[in-house]
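[1] any chance you could fold what I've pasted below:
(one chain, ligands or ions: 1)
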Amino acid sequence: MNTKHCVECHEHKQLTEFYKHSGMVDGVYNKCKLCQRGVQRVWYDINKKTHLSNVANWKKQHSETVQVQQQKYRDDNRDHINERMRASRINNPELFSIQSKKYYYANKEVYRQNAVRRRLIVKAATPKWADFSKMRQIYKQAHQLTEDTGIAYEVDHIVPLNNLLVCGLHCDTNLQILTADANRHKGNHYS
Ligand SMILES: [Zn+2]
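    Okay, here's the model as predicted:
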């Protein structure tokens, strides 16, 4: 006999329609593959919810540990993360933009604080004699390069404004145009 009764859907099906199970007399489960998958899906959904909420709770209770771990992961895997982000930006721009927005809103306060701090640093580093029209020109040029090539270009301070050893000025002679990638790699370093 090559067919078997499924205890779930009560259909008689070919043995190949059942998953193998060494514990059963005839070597297959008593539920057909389709029903078995349904059961697994239900179990998965129930467990997934519990699992996710456990994870969320743990993270809430250990938010400092999580932050340190996340930062360490970002530091250790910077190139890998950048590469993955670039791929996702290219392959799935819509999803990338949704995720970026989600991330932004989740970290809005950090962004805001960084922006404020950045503005203060820039303000303090701007000399009275700075030529704003020349500087605007450089920012415009970077923007134009990005538009023309599709590669992200940024304006970088040759001597960083917030390096521990040297303190650059926010003025046109200290500005250079770099690709965003090159700028990431340069970071806050100056040599
Ligand atoms: Zn069935």
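
[2] quick one: residues contacting the most centrally placed residue in the chain.
    Note on the chain: the residue nearest the mean C-alpha position is M85, at 6.4 Å, using C-alpha atoms, centre = their mean. Contacts for M85 (C-beta atoms under 8 Å, 6 or more residues apart in numbering) come out as F96. Every C-beta, even on glycine, is put in place using the N, C-alpha and C of the backbone.

[3] quick one, domains of the protein?
    Annotated domains of the chain cover 1-61, 127-191 [automatic domain parsing].

[4] so how far is the shortest one from its chain's centroid?
    Translated: domain 1-61. On the basis of C-alpha atoms, centre = their mean, to the nearest Å, domain 1-61 sits 33 Å off its chain's mean C-alpha point.

[5] average pLDDT for it?
    In this model, domain 1-61 has an average pLDDT of 88.

[6] please shift the residue numbers so they start at 25 in all later answers.
    From this message on, residue numbering opens at 25, which makes the last subject domain 25-85.

[7] immediately after the top helix by length along the chain, which helix or strand?
    Longest helix in the chain, counting residues (DSSP state H): helix 57-85. As assigned by DSSP states H and E, the chain's next helix or strand after helix 57-85 is helix 87-100.

[8] any idea how far that next one is from the middle of the chain?
    Distance of helix 87-100 from its chain centroid, counting by C-alpha atoms, centre = their mean, is 14 Å.

[9] contact residues of this structure facing the ion?
    Within the chain, the positions adjacent to the ion are C30, E32, C33, C56, C59 by C-beta under 5 Å from the ion.

[10] redo the domains of the chain as CSV? Include mean neighbour count and distance to Q95.
    Below are the domains of the chain laid out as CSV (neighbours: other C-beta atoms under 10 Å; distance: least, C-beta to C-beta, whole Å):
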stretch, mean neighbour count, distance to Q95
domain 25-85, 12, 14
domain 151-215, 14, 15
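
[11] of all those, which lies closest to N115?
    Nearest to N115 among the domains of the chain is domain 151-215 (14.9 Å), distances taken as C-beta to C-beta.

[12] ok now the closest one, how far from the chain's centre?
    Relative to the centre of its chain, domain 151-215 is centred 25 Å away, using C-alpha atoms, centre = their mean.

[13] and for stretch 129-137?
    Distance of stretch 129-137 from the chain centroid (C-alpha atoms, centre = their mean) equals 15 Å.

[14] the protein: helices as residue ranges?
    Ranges of helices in the chain, per DSSP H, are 57-85, 87-100, 102-115, 117-130, 132-149, 156-173, 204-210.

[15] contacts made by the shortest one with the rest, please.
    By C-beta under 8 Å, 6+ apart, the list of residues contacting helix 204-210 from outside reads R102, N106, I175, A176, Y177, E178, D180, L202.

[16] any idea how far apart the tips of stretch 44-58 sit?
    13 Å (C-alpha to C-alpha, to the nearest Å).

[17] now what about that stretch, what contacts it?
    28, 30-33, 35, 37, 39, 41-43, 60, 63.

[18] go through those residues and flag which are in strands.
    Cross-referencing those against strands under DSSP state E gives K28, K37, F42, Y43.
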